[in-house]
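**Student:** Okay, here's the prediction I keep looking at, along with the sequence it came from:
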Amino acid sequence: MTDSMRELHDLERRHDAVMVAISDMRAKIDRQKNRILAEAESYRTLEKQAIALYDAESEMAAKIRRLRSEHDQA
């Protein structure tokens, strides 16, 4: 095997290794992206639940004030 053939063979092996590393990195990025998207969706769900709880509390507080006022007037 000539030097240029060995160099070509070595370069092809290193290129293959780089391609595998790129593929692995893309897979890691996709997994991380999916995790982040799932966390963001979870956050949005929690945020909606918190807003609903704040709204319910506000309505209850208004109703309590109204009932107290009616009771005080009676």
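**Tutor:** Received, thanks. Numbering: from 1, shown residues only.

**Student:** What separation is there between residue 20 and residue 38?
**Tutor:** 27 Å (CB to CB, to the nearest Å). Backbone N, C-alpha and C define where each C-beta goes, glycine included.

**Student:** Please disregard the earlier target; I meant residue 1.
**Tutor:** Separation of residue 1 from residue 38 (CB to CB): 51 Å.

**Student:** go on, residue 31?
**Tutor:** Taking CB to CB, one finds residue 31 at 11 Å from residue 38.

**Student:** what do you get for residue 19?
**Tutor:** According to CB to CB, residue 19 stands 29 Å off from residue 38.

**Student:** repeat for residue 58
**Tutor:** Residue 58 is 31 Å from residue 38, by CB to CB.

**Student:** and if you look at residue 52?
**Tutor:** In terms of CB to CB, residue 52 sits 21 Å off from residue 38.

**Student:** do the same with residue 15
**Tutor:** Look at residue 15 and residue 38: by CB to CB, they are 35 Å apart.

**Student:** Next one, pLDDT for the one residue sitting closest to the centre of the chain please.
**Tutor:** Nearest to the mean C-alpha position of the chain, counting by CA atoms, centre = their mean, stands residue 36 at 2.3 Å. Listed pLDDT for residue 36 reads 98.
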